[in-house]
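Peer 1: structure, please.
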Amino acid sequence: MATTTPTPKPVRRKSSDDLMVVDHVTKVFQARGKAESAQALKDVSCTIKKGAMNIITGPSGSGKSTLLDTILGLQPPTSGKVLVSGEDIYSLSSDDRAFYRARMLGMGLWKGGDQKVI
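Peer 2: All right, here's what the predicted structure looks like:
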């Protein structure tokens, strides 16, 4: 008898106030020419509201920069989706993702490097 692994339910836009939905995002880095890999993000899900200021905190190496790069459209996730106004940003061309970054998002870094704001 075959067994099946349950698939996580996707995060859905809950209201028109939702700007972005990060839906079960995982990011794994594979070292070139090596069998080892490093998982930077594991099944991350969250919703970002329009006009909100969000702060990502954590110790060095916890995945803050990887998550921001993924949200900004700079680094595709290994699995999962980043939805903006219901559209997967990684279905957009590189030029369209650059327009999205320039027109829709801002990011600031605190000195000390352990806090990032989007």
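Peer 1: switch to C-alpha atoms for all contacts and neighbour counts from now on
Peer 2: OK.
Peer 1: what does the helix or strand harbouring residue 80 rub up against?
Peer 2: Element membership for residue 80 (DSSP states H and E) is strand 79-84. Here strand 79-84 makes contact (CA atoms under 8 Å, 6 or more residues apart in numbering) with 19-27, 43, 70-71, 88-90.
Peer 1: distance of residue 40 from residue 17?
Peer 2: 29 Å (CA to CA, to the nearest Å).
Peer 1: hey, C-alpha coordinates of the strand holding residue 80 in PDB?
Peer 2: The C-alpha trace of strand 79-84 is given here as PDB (Å, rounded to 0.1, in the frame of the first residue of the first chain):
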ATOM      1  CA  SER A  79       9.900  25.800  -3.300                       C
ATOM      2  CA  GLY A  80       6.800  27.900  -2.400                       C
ATOM      3  CA  LYS A  81       5.600  31.200  -3.700                       C
ATOM      4  CA  VAL A  82       5.800  34.900  -3.100                       C
ATOM      5  CA  LEU A  83       2.400  36.500  -4.200                       C
ATOM      6  CA  VAL A  84       2.000  40.200  -4.700                       C
END
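Peer 1: can you check what angle separates the lengthiest helix in the chain from strand 79-84?
Peer 2: Longest helix in the chain by number of residues, with DSSP state H as the criterion: helix 94-104. Put simply, helix 94-104 runs at 50 degrees to strand 79-84, going by axes from the mean of the first three to the mean of the last three CA atoms, to 10 degrees.
Peer 1: state the mean pLDDT of helix 94-104.
Peer 2: Mean pLDDT, helix 94-104: 86.
Peer 1: distance from the chain centre to it, please.
Peer 2: 15 Å (CA atoms, centre = their mean, to the nearest Å).
Peer 1: give me the contact list for it.
Peer 2: Here helix 94-104 has contacts from 72-73, 89-90, using CA under 8 Å, 6+ apart.
Peer 1: now do 7 Å
Peer 2: Applying CA atoms under 7 Å, 6 or more residues apart in numbering, the contact partners of helix 94-104 are 72-73, 89.
Peer 1: do stretch 40-52 as well
Peer 2: Against stretch 40-52 from outside (CA under 7 Å, 6+ apart): 17-28, 63, 66.
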